[in-house]
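Undergrad: Predicted coordinates and the sequence they were generated for:
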Amino acid sequence: MNGMDERRAERWTADQVLALAPDVSSRKAGTGLAVAARWSGTGASGTAVWGLCAGGGGTPYRTVVDTAGPGCSCGCPSRKSPCKHALGLLLLWAGGEVGAAAHGGGRPDWVTEWLDARRAREERKSTGGSGAARGGDPEAARKRAERRAARVAAGATELEQRLEDLLRTGLAGAEREGYQRWEETAARMVDAQAPGLASRVRELGALPGSGGDWPSRLLEETALLHLLARGCLRQGALPAPLAATVRSRVGYTVDSAELLAGPTVRDRWLVLARYDTADGRLTTRRTWLHGEAGGRPALLLSFGAAGRAPEPALPVGRRLDAELAFHPGAHPLRAVLGPRHGPPLPGGEPPGVPVATALGAYGEALAGDPWLDAWPVVLAGVVPIPGATGWQIADADGSDAVPVSAPGAGTGAGLWRLAAVSGGRPVTVFGELGHQGFRPFTAWGGGGTRPEPVPLTV
């Protein structure tokens, strides 16, 4: 066993376990399986928790969870991760009903084999695969890069022309023409190997007729897309951080192994929030972190095929000692998690700022990256205020407030959950600031030396 295997994971709370659930039905099913009578051969050693769960057939499901990650495996046919069996096992463990491996027997072979394979995959990720895969002909790579740059430039030039045509003929015609023209333009951007431009074109196509103020929103987004196209065509004249931001927004990617081979940031990272979004073909997981020593925010992005939750599934409110490598940009937020990190340990309440300070930080970030969709902030000493025209988050003294954005996470039941946590008293809230307002994701109430986080998403 390696050093990581020898460490003993601190038990999680039931709320932290349920925060891993991919959906409400999984939470309910996992809770129903947290019954000792359904399990046999359970045990825990190091960061591993395992057991056999009786299923519908004659053979029980082998379930194992590595709390350092975390990651899981189960013999059931579910494509969800974690599945209901992994959640039920973790709930038993959190309740103290899964002890250390009994009678000195250690881990079963199937648990050790899965852990070893998982560690091997992490090692391959850290080195970027074999040398042959990373190598290749440098001259051929240079020519491929030149061909792509030429195609992207041609696509950006075509996009500029189409946006000029839109403004020349007037925005009113955009509603009559329907979505087909936008989809054709987006397809042209895909052909030009500029997926970032294609995505923003599709977002433009969804605006006409979407509300009473859609012409103003369409004009704003058209201006931002035109600015991005111009930046793409003039990258050589831009400061290096802004040029890196433009490349990222256009759709250029950087290999994770290449990032991890460069400068990294070591810290104890507190997990502020985690949520998934799906478009029918792909599930995207966003995990927000806060560096406790350096105070730096970080965003982990991971992806999974439709119906399968991405990894990692870091529990909200825990912290892990890890290295992150950040993607280049004017305000680097997106990061890659290094493969060597400790198990998630109990965290605390993050430091926060008043509303005015958060708005100022968001404004500075927009100055460096006008295409910024969301800026992470922790608001301290604030209260949620429902109103006839929408919710607000306000400083306790009433000095400043910010509207809560209508779409997305943090609305509906989540906002009433936030109100229940607050009870009219000041709380700490993490969320994303965007041009439509503040989207709350996690709240910490007062009381206790280590207040537990309350996820506001379902």
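TA: All right, it came through fine. Numbering: from 1, shown residues only.
Undergrad: tell me which helix or strand of this protein sits lowest on mean pLDDT?
TA: Least confident helix or strand, the chain: helix 3-6 with a mean of 41, by mean pLDDT, DSSP states H and E.
Undergrad: Let me know the next secondary structure element after it.
TA: Beyond helix 3-6 on the C-terminal side, the first helix or strand identified by DSSP states H and E is helix 14-18.
Undergrad: Flag every buried residue along the next helix or strand after that next one.
TA: Proceeding N to C from helix 14-18, the next assigned helix or strand is helix 24-32, under DSSP H and E. For helix 24-32, a neighbour-count test (16 or more other Cβ atoms under 10 Å) marks 26-27, 29-31 as buried. To be clear about C-beta, it is placed using only N, CA and C from the backbone, and glycine gets the same treatment.
Undergrad: now swap in stretch 416-429 and tell me
TA: Of the residues in stretch 416-429, 417-419, 421-422, 426-429 count as buried by neighbour count, 16+ other Cβ under 10 Å.
Undergrad: Spit out the contact partners of the residue lying closest to L204 once chain neighbours are set aside.
TA: Once flanking residues are discounted, L204 sits nearest to E221: 5.5 Å by Cβ to Cβ, 6 or more residues apart in numbering. Neighbour list for E221: 200, 203-204, 207 [criterion: Cβ atoms under 8 Å, 6 or more residues apart in numbering].
Undergrad: ok, the most centrally placed residue in the chain - contacts?
TA: Closest to where the C-alpha atoms of the chain average out (Cα atoms, centre = their mean) is R286, at 0.7 Å. Contact partners of R286, counting by Cβ under 8 Å, 6+ apart, are 273-277, 299-301.
Undergrad: Please determine how far it is located from A156.
TA: Going from R286 to A156 by Cβ to Cβ, to the nearest Å gives 27 Å.
Undergrad: and what of K28?
TA: Computed as Cβ to Cβ, the K28 to A156 distance reads 49 Å.
Undergrad: again with A192
TA: If you go by Cβ to Cβ, the gap between A192 and A156 works out to 8 Å.
Undergrad: related to what we said a few turns ago, kindly indicate the member of the contacts of R286 with the most neighbours.
TA: A273 (27 neighbours; other Cβ atoms under 10 Å).
Undergrad: where exactly do the helices run in the stretch 51-200 of the chain?
TA: Along the stretch 51-200 of the chain, the stretches classed as helices by DSSP state H, counting those that start in this stretch are 84-94, 109-127, 131-134, 138-169, 172-177, 180-191, 195-205.
Undergrad: and what of the stretch 301-450 of the chain?
TA: 355-368, 413-422.
Undergrad: Looking at the ones you listed, which is nearest to P328?
TA: When the helices of the stretch 301-450 of the chain are compared by Cβ to Cβ, helix 355-368 sits nearest P328, at 12.5 Å.
Undergrad: CA atoms only for the closest one, dumped as PDB, please.
TA: Extracted as PDB, the C-alpha positions of helix 355-368 are listed here (Å, rounded to 0.1, in the frame of the first residue of the first chain):
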ATOM      1  CA  VAL A 355     -21.700  43.700  -1.100                       C
ATOM      2  CA  ALA A 356     -20.000  46.800  -2.300                       C
ATOM      3  CA  THR A 357     -16.500  45.200  -2.100                       C
ATOM      4  CA  ALA A 358     -17.800  42.200  -4.100                       C
ATOM      5  CA  LEU A 359     -19.300  44.400  -6.800                       C
ATOM      6  CA  GLY A 360     -16.000  46.300  -7.000                       C
ATOM      7  CA  ALA A 361     -14.000  43.100  -7.500                       C
ATOM      8  CA  TYR A 362     -16.500  42.000 -10.100                       C
ATOM      9  CA  GLY A 363     -16.100  45.300 -12.000                       C
ATOM     10  CA  GLU A 364     -12.300  45.000 -12.000                       C
ATOM     11  CA  ALA A 365     -12.500  41.500 -13.300                       C
ATOM     12  CA  LEU A 366     -14.800  42.600 -16.100                       C
ATOM     13  CA  ALA A 367     -12.200  45.200 -17.100                       C
ATOM     14  CA  GLY A 368      -9.700  42.400 -17.800                       C
END
